[in-house]
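Participant: Any chance you can model this:
(chains A and B)
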Amino acid sequence: KNEVEQSPQNLTAQEGEFITINCSYSVGISALHWLQQHPGGGIVSLFMLSSGKKKHGRLIATINIQEKHSSLHITASHPRDSAVYICAATIGGGADGLTFGKGTHLIIQP
Amino acid sequence: NAGVTQTPKFQVLKTGQSMTLQCAQDMNHNSMYWYRQDPGMGLRLIYYSASEGTTDKGEVPNGYNVSRLNKREFSLRLESAAPSQTSVYFCASSGDRASPPQHFGDGTRLSIL
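Facilitator: Next up is the predicted model:
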């Protein structure tokens, strides 16, 4: 089952570029999450969305409930943004956790 | 401020050996989770515990057992390790019983030979 799909799988960009990572889901969800996995393996929760848009520094996350689609944007990208970005959905009651996409491997070149 | 602590960080086992992965959180969270991460696949839930004293199977529970020892600790045991269990294992926690995980450990890289 692939209830959460991300694109692209891999993305290489130059420093300063505007980055967009997409996530689509096929079932009803109660919340959509974006996480960042550092090259060392640690995972950090960036955003949790149920509607609209959230912004934290250079990161912006949006969700369109009707279209079952979310995007993560990075403005003025920097090499330190290089990481795997993971989209995940809370499906149903959420007590059993998240359903994860496969991740987008982002490399920002200086 | 440790958050979620997993031990060990790395481990190599032979097929058939057993081991326990330890996880502890210091945030007084109710819910704890064990995931595995394999190349080309998203994180998959092995087991979770919505509160102290309860555990439930996730998507891929076969070959694993868990114990919610107390509110802080949630361990994952491989009774007879198999090469298919070679993976990176993550423990996570969240404050509410019905909330998905918000805090993750640094992972345990496990290789089964």
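Participant: who does the residue of chain A found nearest chain B bridge with?
Facilitator: Of all residues in chain A, A:Phe100 sits closest to chain B, with a separation of 3.4 Å (Cβ to the nearest Cβ). Any C-beta I mention is one placed from the backbone N, CA and C, and that applies to glycine too. Beta-bridge partners for A:Phe100, by DSSP bridges, are A:Ala88.
Participant: tally of neighbours for it?
Facilitator: 22 (other Cβ atoms under 10 Å in any protein chain shown).
Participant: repeat for A:Ser70
Facilitator: Counted with other Cβ under 10 Å, A:Ser70 comes out at 25.
Participant: for residue 27, what are its contacts?
Facilitator: You didn't pick a chain, so chain A it is. Residues near A:Val27 by Cβ atoms under 8 Å, 6 or more residues apart in numbering or on different chains: A:Glu3, A:Ala89, A:Ile91.
Participant: if you could check chain B rather than the one you did, that'd help
Facilitator: Here B:Met27 is in contact with B:Gly3, B:Val4, B:Ser93, B:Gly95, B:His103 (Cβ under 8 Å, 6+ apart).
Participant: Quick check, pLDDT for it.
Facilitator: Turning to B:Met27, the model gives it a pLDDT of 91.
Participant: can you pull out the strands in chain A?
Facilitator: Remark: strands assigned in chain A by DSSP state E are A:4-7, A:10-14, A:19-25, A:31-37, A:43-49, A:52-56, A:59-64, A:69-74, A:83-90, A:99-100, A:104-109.
Participant: Tabulate those in CSV, adding columns for mean pLDDT.
Facilitator: What follows is the strands of chain A, written out as CSV (pLDDT from 0 to 100):
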stretch, mean pLDDT
strand A:4-7, 94
strand A:10-14, 97
strand A:19-25, 97
strand A:31-37, 92
strand A:43-49, 90
strand A:52-56, 94
strand A:59-64, 96
strand A:69-74, 97
strand A:83-90, 93
strand A:99-100, 88
strand A:104-109, 96
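Participant: Make JSON lines out of the ones you listed and add distance to B:Asn70.
Facilitator: Listed next are the strands of chain A as JSON lines, based on distance: least, Cβ to Cβ, whole Å:
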{"stretch": "strand A:4-7", "distance to B:Asn70": "33"}
{"stretch": "strand A:10-14", "distance to B:Asn70": "42"}
{"stretch": "strand A:19-25", "distance to B:Asn70": "35"}
{"stretch": "strand A:31-37", "distance to B:Asn70": "27"}
{"stretch": "strand A:43-49", "distance to B:Asn70": "24"}
{"stretch": "strand A:52-56", "distance to B:Asn70": "34"}
{"stretch": "strand A:59-64", "distance to B:Asn70": "35"}
{"stretch": "strand A:69-74", "distance to B:Asn70": "37"}
{"stretch": "strand A:83-90", "distance to B:Asn70": "26"}
{"stretch": "strand A:99-100", "distance to B:Asn70": "28"}
{"stretch": "strand A:104-109", "distance to B:Asn70": "37"}
